[in-house]
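Colleague: below is the sequence, then the predicted model.
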Amino acid sequence: MAYLADPDGRVVTLLDRFCRLVRRLEGRPRATVVEALRRQERRVRDSARLAGIAKTLLDLSEFVPPDEARLAPGVREAVFHARGRRWPPVPGDHDAPYAEAAATLGRNVEDVKRLLYADAPGARVLRRAPAIDGRALLARYNLELARGVLLDAERLTLTARGGWRAIFRALKAARLMYTLRRQGRSYQVDVTGPAAEFIVKPARYGVRLARVVPALMRAPAWRFDAEIRGADGSRLSFRVSGKPHAPKTRAPVGERARKARYDSAWERSLATDFRRKFGGDARRGWTLAREASPVALGDELFLPDFTLRHDDGREALVELVGFWTPEYLAEKTRKIAAAQLRHLILVVYRGLAVGKATTELESLVEQERIVWFTTKPRATDVVKAAEQWAVR
């Protein structure tokens, strides 16, 4: 794999041109943006490189469906039915199905043609282009090349200086298998790679693994070391390191803060119920934050699902325990026991039917710190437990 280098500055100048081009096309369909980038082939020697750079720009851009995209299925149905009634086609009747559908829908023929595939990917409108320059685009393109190598990784080791909360959340959201260890004042994460022998769907797992890299690169300083399996069965080492790009411009769409992502429907249900019952003036001083309080457990890190904070400074940690495998439950109970947190509240599904789960959990914490639920966790019960066990 050869990274794109820029020994004389001409590559960055060209990439600056591409960034400005995409920004000028805001409000235009995706197909138009793609074609505009393709036409830049005359400025480059390697069309494959241009395709990769174009994809990087498109992935960082924000596209939305046009306003009337919801009408497309109905328009297609009317046109296809009209064509079916006129089958087989005869010379000269190309516009006849459109005219018949337009009469049925109360629109003109041009509207029908425009709306026929308004919900297609190429019709999506560029709402916001990435606010990056050529140098940042070059770095991001090379990073995408590095991420592609990870598909052949058997194991990956992540290290960083700061930014661990975002990295840890990205690992959880990607549902990866990993081990987290303390290294001095920092942490090291050993992640199972998609090329490991026991991974059933390596392509899908590799895509999830690649999603962690953007969170890693936002750290003050970062590095990942991968063990790669070569095509001939050999083992190769691969390392990428870096620091955040210096210019402080508006964050690219792909890097902006996203809405909270939940690992389960129960987590989402609890957060929604809390906002409904304790939002605004009715919240009685409590706020709910997701994965906001990492807890060091020797050489590991435990990140409870939620943190309940009161205006008076009190805080309670909330961890949901659902239906999992015996191995997962054993690991969960081990971490809970190691944490020894008096202000940790467990929200446990009553249908938990894994071995002696109930007995194990009850032996770890006082009964009052376990909030049971049958269908959905209730925010009222969780806050009631927090009132009793929260600490400053």
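Modeller: That came through, no problem.

Colleague: surely Gln26 is within a helix?
Modeller: One correction, residue 26 is Glu, not Gln. No: counting by DSSP: H, G, I helix; E, B strand; the rest coil, Glu26 is not found in a helix; it is coil.

Colleague: thinking it is in contact with Val64, fair?
Modeller: No: applying CB atoms under 8 Å as the test, Glu26 and Val64 come out as separate, 11.3 Å apart. Just so you know, the C-beta spots here come from the backbone N, C-alpha and C atoms, and that holds for glycine as well.

Colleague: now do the shared contacts for those two.
Modeller: Taking CB atoms under 8 Å, 6 or more residues apart in numbering as the contact rule, Glu26 and Val64 both touch Arg127.

Colleague: sketch out the low-pLDDT regions of the stretch 201-350 of the chain for me.
Modeller: 243-261, 280-283, 291-294, 296-301, 323-333, 339 (pLDDT under 70).

Colleague: so where do the helices sit in it?
Modeller: For the stretch 201-350 of the chain, applying DSSP state H, counting those that start in this stretch gives helices covering 202-210, 212-217, 265-278, 326-339.

Colleague: looking at these, which is nearest to Leu171?
Modeller: Leu171 sits nearest to helix 212-217 of all the helices of the stretch 201-350 of the chain, at 5.9 Å, using CB to CB.

Colleague: what's next to that closest one, contact-wise?
Modeller: By CB under 8 Å, 6+ apart, helix 212-217 touches 143, 146-147, 150, 158, 160, 163, 166-167, 169-171, 174, 176, 191, 222, 224, 242, 244, 254-255.

Colleague: only the buried subset of those residues, as a ChimeraX command please.
Modeller: What follows is the ChimeraX syntax for the buried subset of those, where burial is set by 16 or more other CB atoms under 10 Å:
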select :143,146,147,150,158,160,163,166,167,169,170,171,174,176,191,222,224,242,255
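
Colleague: about what we covered before: possible to save the helices of the stretch 201-350 of the chain as JSON lines with mean neighbour count and distance to Gly351?
Modeller: Shown next, in JSON lines, are the helices of the stretch 201-350 of the chain (neighbours: other CB atoms under 10 Å; distance: least, CB to CB, whole Å):
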{"stretch": "helix 202-210", "mean neighbour count": "17", "distance to Gly351": "28"}
{"stretch": "helix 212-217", "mean neighbour count": "22", "distance to Gly351": "32"}
{"stretch": "helix 265-278", "mean neighbour count": "17", "distance to Gly351": "12"}
{"stretch": "helix 326-339", "mean neighbour count": "15", "distance to Gly351": "13"}
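
Colleague: kindly reformat those helices as JSON lines containing distance to Ala36.
Modeller: Shown next, in JSON lines, are the helices of the stretch 201-350 of the chain (distance: least, CB to CB, whole Å):
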{"stretch": "helix 202-210", "distance to Ala36": "27"}
{"stretch": "helix 212-217", "distance to Ala36": "26"}
{"stretch": "helix 265-278", "distance to Ala36": "39"}
{"stretch": "helix 326-339", "distance to Ala36": "49"}
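
Colleague: quote the end-to-end distance of stretch 105-120.
Modeller: Terminal residues of stretch 105-120 lie 20 Å apart, using CA to CA, to the nearest Å.

Colleague: wait, stretch 37-51
Modeller: End-to-end distance of stretch 37-51: 8 Å, with CA to CA as the criterion.

Colleague: now that stretch: average pLDDT?
Modeller: In this model, stretch 37-51 has a mean pLDDT of 87.

Colleague: distance from the chain centre to that stretch, please.
Modeller: With CA atoms, centre = their mean, to the nearest Å as the basis, stretch 37-51 stands 29 Å off its chain's centre.

Colleague: what comes up buried for it?
Modeller: Applying a neighbour-count criterion of 16+ other CB under 10 Å, the buried positions in stretch 37-51 are Leu37, Gln40, Leu50.

Colleague: excluding chain neighbours, what is closest to the first one?
Modeller: Read that as Leu37. Ala54 (4.1 Å; CB to CB, 6 or more residues apart in numbering).

Colleague: give me the pLDDT for the one you found.
Modeller: The predicted structure lists Ala54 with a pLDDT of 94.

Colleague: burial count for it?
Modeller: 19 (other CB atoms under 10 Å).

Colleague: check the spacing between it and Gly27 real quick.
Modeller: Note on Ala54: its distance to Gly27, by CB to CB, to the nearest Å, is 19 Å.

Colleague: next: Ala385.
Modeller: 51 Å.

Colleague: between the two, which one's more packed in?
Modeller: Higher neighbour count among Ala385 and Gly27: Ala385, with 20 against 10, using other CB under 10 Å.

Colleague: tell me the contacts of the more buried one?
Modeller: Counting by CB under 8 Å, 6+ apart, Ala385 makes contact with Ala316, Ile345, Glu368, Arg369, Val371.

Colleague: fine, thanks again, bye for now.
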